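> Please find the sequence and the predicted model below.
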Amino acid sequence: MSDSIAGTVLDCLEFARNGGVLECSIGLDELPRLADLLTTTAGFLSVRLEGWRDDAGKSWLQLDITGEPVLCCQRCLGGVEFPLRISSRLQLIASGEDWPDDDLVDDSADAIAAETALAVLPLIEDEVLLALPIAPRHEQCESPSANASGQGSSPFAALAALKKH
């Protein structure tokens, strides 16, 4: 495993043609868009990127990501561990090639543009962001306002009292 892939750029068609494999560990603090959704950036993701060409001459990337980022619970605002197990198969579409028809092709793979300078870190971050829940929350928890005040009064109660005078 390498130390960091920050700034790593691949010619993805060449990577697939050569059967390239990239394995690394990425610190959660290296992914700024993801970090905005986390309660802590401590921890890492394990990543494996593999390229190949199939019998039909199509180029592919297989991206596997595992880890347990701690997201912010939308109910209690505490940390909630989210186990990630991403396995994405990406068909590389070269310039001038036809894009697969989404209605006719099964959804076990996605198509991406084959780039001569594919930035690996943003690709990984995109796949992680797509895999996260819209509103992460614990199975059982209470909102912070429910246990902040024992009387359970509304913040508008003071305004209602003023209106009566």
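All right, it came through fine. Owing to the predicted nature of the structure, the values given are computational and were not obtained by experimental measurement.
> Every contact and neighbour count from this point should use C-alpha atoms.
OK.
> Can you mark which positions in the longest helix along the chain are buried?
Longest helix in the chain by number of residues (criterion: DSSP state H): helix 120-131. Neighbour-count burial for helix 120-131 flags 120, 121, 124, 125, 127, 128 (criterion: 16 or more other Cα atoms under 10 Å).
> quick check, nearest of those residues to residue 8?
For those, the minimum distance to residue 8 (Cα to Cα) is 5.9 Å, reached by residue 120.
> how near is that closest one to residue 75?
Distance from residue 120 to residue 75, counting by Cα to Cα, to the nearest Å: 34 Å.
> shaky segments in the protein?
1-4, 102-106, 143-155, 165 (pLDDT under 70).
> in it, which spans are helices?
For the chain, the helices defined by DSSP H occupy 12-17, 32-35, 120-131, 144-148, 157-164.
> Can you lay out those as CSV showing distance to residue 91?
Listed next are these as CSV, based on distance: least, Cα to Cα, whole Å:
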stretch, distance to residue 91
helix 12-17, 10
helix 32-35, 24
helix 120-131, 14
helix 144-148, 45
helix 157-164, 58
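> Identify whichever of those helices lies nearest to residue 52.
Taking Cα to Cα, helix 12-17 is the member of the helices of the chain nearest to residue 52, at 4.3 Å.
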